[in-house]
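Peer 1: What follows is a predicted structure for the sequence shown.
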Amino acid sequence: MAEEIIKLDDVSVTFQQKDKQVAAVKQVTLHVEQGDIYGIVGYSGAGKSTLVRVINLLQIPTAGRVEVNGKLLYQADGQQKKLIAAKSLRSERRKIGMIFQHFNLLNEQTIIDNVAFALKHSGLKEKQIEEKSHKLLKLVGLDSRATSYPSQLSGGQQQRVAIARALANDPEILISDEGTSALDPKNTIQILDLLKDLNQKLGLTVVLITHEMDAVKRIANKVAVMDGGRIIERGNLLDIFTHAKQQLTREFIGGGSLKAISILKKYQLGKLSADERIIQLTYVGNSVSEPILVKLYRDFNVEANIIYSNIEVLRGTPVGTLFVIIKGTSAGRIQALDYLQKQEVIITEIAEDELQEGETDNG
Amino acid sequence: MADLFAKYFPNVVYQGWTGDGGWLPAIGETLYMTFWSAIFGGVLGLIFGIGLVLTDEDGIAPNHTLFSIFDKVVSLFRAIPFIILLAFIAPFTKLLVGTQIGTTAALVPLSLGVFPFYARQVQVALKSVDHGIIEAAQSVGATFFDLVFDVYLRESRSELIRVTTVTLISLIGLTAMAGAIGAGGLGNMAIAYGYNRFANDTTFMATLLVLVLVMIVQLVGDVLAKAFNHKTAG
C-alpha cells in the first residue's frame, strides 16, 4: 500500500457569519495516497473548495488534524489548537502546488516572472531561477511566450502557466480547485491530460475538485462525493461508477443508471410480472466477447430484453452498462445470473420500488 | 497681438510676470503646495489605505482594533470641511512650522485634508486585487512583504495611478482654497486680485491656468495608467 501523503482527520470548518455559525465542512476524514488522482465532486456549496484549502491551510480548520507530506500542520485537541509556525507553513506550502478555476496569475507580471515569483524564496540564485522558470514553461509548452502577459494568453494557456507556477518548487502534491471549469472542452481535455501525464511521469499526487464528472472519469482513480460539508460516498472510480449507493452520486454519474431508471419510470417499464426482474449489467474493457444474451436464452431459457445501454470511458477503459429485463423461471434466473458473474459481468439487481414514481424524474 | 491682449486683459498684464502678485510666483506657489502636500498626504494616505486593506476582515493580517483605528481616523478627517480644517488645525500648524500663514504653513492642512481622501481611494484600488491572486501567491509560500509589494501594490498600480490622478486634481482644488489663509497661488490670484478687485480678466486667467494644470495632470495620469495596465489584452 502506498504511503498516505495527505491525511485529513475529522476536519471541520465553521464560519462565523454575523451571529450564526455556518459549518462548511463537517468532520471529514480524507486520506490520499501517494500517486493517487483523487477526484472530489459535489455541487457548489458542498464544501469541496473549503476542504481542499485545509490541505495547505489556506483555510484554517476549526477542528481536526491535518498531516501533509508526513508533517503535522494542524491539530486540535479539544480547545487546544496547534498550528505550524508561519515560516514552516510557508515552506510546507511550497510542497503543495495549487491551481485555481480563474488561474489567478499576477496580471502585471510576465508569465516567466509569474513562475519565478514562486521561486523567490527557493534559495536559488537569480540565474538559476530564470533557468528553472524556462524549464517549467517548456514542460507546459509555453516557453515561447515567456515575456507575454497573462492577458495575452488564452484561458488554457494561462492555466498551463499556473501549473508551471504550481510545480515550481517540485511539489509532491498538486491541488486543482475547479482547474478546468472555466475552460472550453478542448482545453479541459488538454489540461486534464497534462495532469495525468505529470501524475505518471513525476509521481505527482493530484487532488482534483470539480463539479464535472467527465473530468473525474477521464483521469481520477479514486472519487469522493461531497454534499452538505460531508463526504457521502467514496471509493475507486469503477466501484463508484458501477455501484453508487447515494442518489447524489448517481446524479453526478448521470449517463449511467440514473438515466436508465428515469426512463423506466417515465414509460412505466418498471411494472414487472412475477417472472420478470430488472438487472443492471456492467462490464469492463472487453470482458464481454461472448454473445451472452443469446446464451441466456439457449441454456437457461431466460429471455433478456434490453431496455437501456450505455458505454463510458473511465481512465481510458471502456465500461459498458446494460439494463435488461430478464424473464424466466426463478431457477433459470438464478442460473443465468451465476453464469453472468462468471463472465466477469457485475450484476446489480434493481429493486422494483426504485422504479415507482418517486423523487427523481427527467434524469 | 500683445496690444490686443493688453486691451482685453488689462489687469492680467498689470499683475506682471514676476514680483509681488505676479503670475510666475502664483503658478510656482500652486505647484509647490500641490507637490509637497501630495508627497506628505500621499505617504500618509498610502499607509492608511494599505493599513485598511491588510487589517480588514478578509485582509492578510486581520485585526479588528487596528482596522477600527484606521477607519475612524480617516472618516473623522474626511468629515471636516477643508475650509474649517484650515482654521481648526491652525495652532497645530503653528507648532509644526512656526507660523500659521503662508505657503509652507498651508502644507499642513493640505496634507491632512487630502490624506483621508487618498486613503479611501487607495483602499478601493487595493481591494480591486482579486482575492484569488492573493490566495495563489500564498499557496506558493509568499511572505507578508511579497504579498504587500508584489501582489497588492504591483497588481493595482494602474488603479493606484488612476486614483492618484484624481487625488492630485482634487488637491489642486484645495490649494486654491488655501489661498484663504494667505497661502498664495492661483486660487489667491483669482480671489484676491481678481474677484475682490472686480478684475474679472484676472480671475478668468487664473482659472484658465488651473484648468491647464488639471488637464496636464489628467493627461499624464491617463497615459501612465494605461502603460501600467496589463490586465486587459492589448
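Peer 2: Looks like it arrived, so ask away. Numbering: from 1, shown residues only, chains lettered A, B, ... in the order given.
Peer 1: Tell me the buried residues in the lengthiest helix in chain B?
Peer 2: Longest helix of chain B, by residue count under DSSP state H: helix B:23-55. Within helix B:23-55, the residues scored as buried using 16 or more other Cβ atoms under 10 Å in any protein chain shown are B:23, B:25-27, B:29-30, B:32-34, B:36-38, B:40-42, B:44-46, B:48-55. C-beta here means a position set from N, CA and C on the backbone, and glycine is covered the same way.
Peer 1: buried stuff in the very next helix or strand once past it?
Peer 2: On the C-terminal side of helix B:23-55, the nearest following helix or strand under DSSP states H and E is helix B:64-79. Within helix B:64-79, the residues that count as buried by 16+ other Cβ under 10 Å are B:Phe67, B:Phe70, B:Asp71, B:Val73, B:Val74, B:Phe77.
Peer 1: where's helix B:64-79 relative to the chain centroid, distance-wise?
Peer 2: 19 Å (Cα atoms, centre = their mean, to the nearest Å).
Peer 1: just checking, what packs against it?
Peer 2: helix B:23-55, helix B:103-127 (3 or more Cβ pairs under 8 Å, 6 or more residues apart in numbering or on different chains; DSSP states H and E).
Peer 1: quick check: angle from it to helix B:23-55?
Peer 2: Relative orientation of helix B:64-79 versus helix B:23-55 (axes from the mean of the first three to the mean of the last three Cα atoms, to 10 degrees): 150 degrees.
Peer 1: residues in contact with helix B:64-79?
Peer 2: The list of residues contacting helix B:64-79 from outside it, by Cβ atoms under 8 Å, 6 or more residues apart in numbering or on different chains, reads B:48, B:51-52, B:55-57, B:85, B:112-113, B:115-117, B:119-120.
Peer 1: so what does the helix or strand just after it touch, helix or strand wise?
Peer 2: Note on helix B:64-79: by DSSP H and E, the next helix or strand toward the C-terminus is helix B:82-88. Helix B:82-88 makes packing contacts with helix B:103-127, helix B:157-178 when contacts are defined by 3+ Cβ pairs under 8 Å, 6+ apart.
Peer 1: So which bits of the following helix or strand past helix B:82-88 are buried?
Peer 2: Under the assignment DSSP H and E, the closest C-terminal helix or strand after helix B:82-88 is helix B:90-97. For helix B:90-97, a neighbour-count test (16+ other Cβ under 10 Å) marks B:Ala90, B:Thr93 as buried.
Peer 1: and the direction of helix B:90-97 versus that of helix B:103-127, what angle?
Peer 2: Angle, helix B:90-97 to helix B:103-127, by the same axes, to 10 degrees: 100 degrees.
Peer 1: Counting by contacts, list what helix B:90-97 packs against.
Peer 2: Partner elements for helix B:90-97 (3+ Cβ pairs under 8 Å, 6+ apart): helix B:103-127.
Peer 1: so how far is the helix it packs on from its chain's centroid?
Peer 2: 6 Å.
Peer 1: quick check: angle from it to helix B:157-178?
Peer 2: Here helix B:103-127 runs at an angle of 150 degrees relative to helix B:157-178 (the same axes, to 10 degrees).
Peer 1: Pull out the buried positions in helix B:103-127.
Peer 2: The neighbour-count check on helix B:103-127 (16+ other Cβ under 10 Å) flags B:103-123, B:125-127 as buried.
Peer 1: swap in stretch B:165-175?
Peer 2: Buried, per 16+ other Cβ under 10 Å, within stretch B:165-175: B:Thr165, B:Val166, B:Thr167, B:Leu168, B:Ile169, B:Ser170, B:Leu171, B:Ile172, B:Leu174, B:Thr175.
Peer 1: can you list those in CSV and add distance to chain A and pLDDT?
Peer 2: Shown next, in CSV, are those (distance: Cβ to the nearest Cβ, whole Å; pLDDT from 0 to 100):
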residue, distance to chain A, pLDDT
B:Thr165, 18, 97
B:Val166, 20, 97
B:Thr167, 21, 97
B:Leu168, 22, 97
B:Ile169, 24, 96
B:Ser170, 26, 95
B:Leu171, 26, 96
B:Ile172, 28, 94
B:Leu174, 31, 93
B:Thr175, 32, 92
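Peer 1: Show me which residues of chain B are close to chain A?
Peer 2: With Cβ under 8 Å from any Cβ of the partner chain as the criterion, chain B meets chain A at residues B:130, B:132-133, B:135-143, B:146, B:150-151, B:154-155, B:157-158, B:228, B:230-234.
Peer 1: buried subset of those?
Peer 2: If you count burial by 16+ other Cβ under 10 Å, the buried members of these come out as B:130, B:133, B:135-143, B:146, B:150-151, B:154-155, B:157-158, B:228, B:230-231.
Peer 1: re the thing from before, tell me which of the residues of chain B next to chain A fall in helices.
Peer 2: If you go by DSSP H, these have B:Gly132, B:Ile133, B:Glu135, B:Ala136, B:Ala137, B:Gln138, B:Ser139, B:Arg154, B:Glu155, B:Arg157, B:Ser158 in helices.
Peer 1: Between which two of those residues is the distance greatest?
Peer 2: Largest separation among those by Cβ to Cβ: B:Ser139 and B:Ser158, giving 24.6 Å.
Peer 1: give me the residue from the stretch 251-363 of chain A nearest chain B.
Peer 2: In the stretch 251-363 of chain A, no residue comes nearer to chain B than A:Phe252, which is 25.3 Å away by Cβ to the nearest Cβ.
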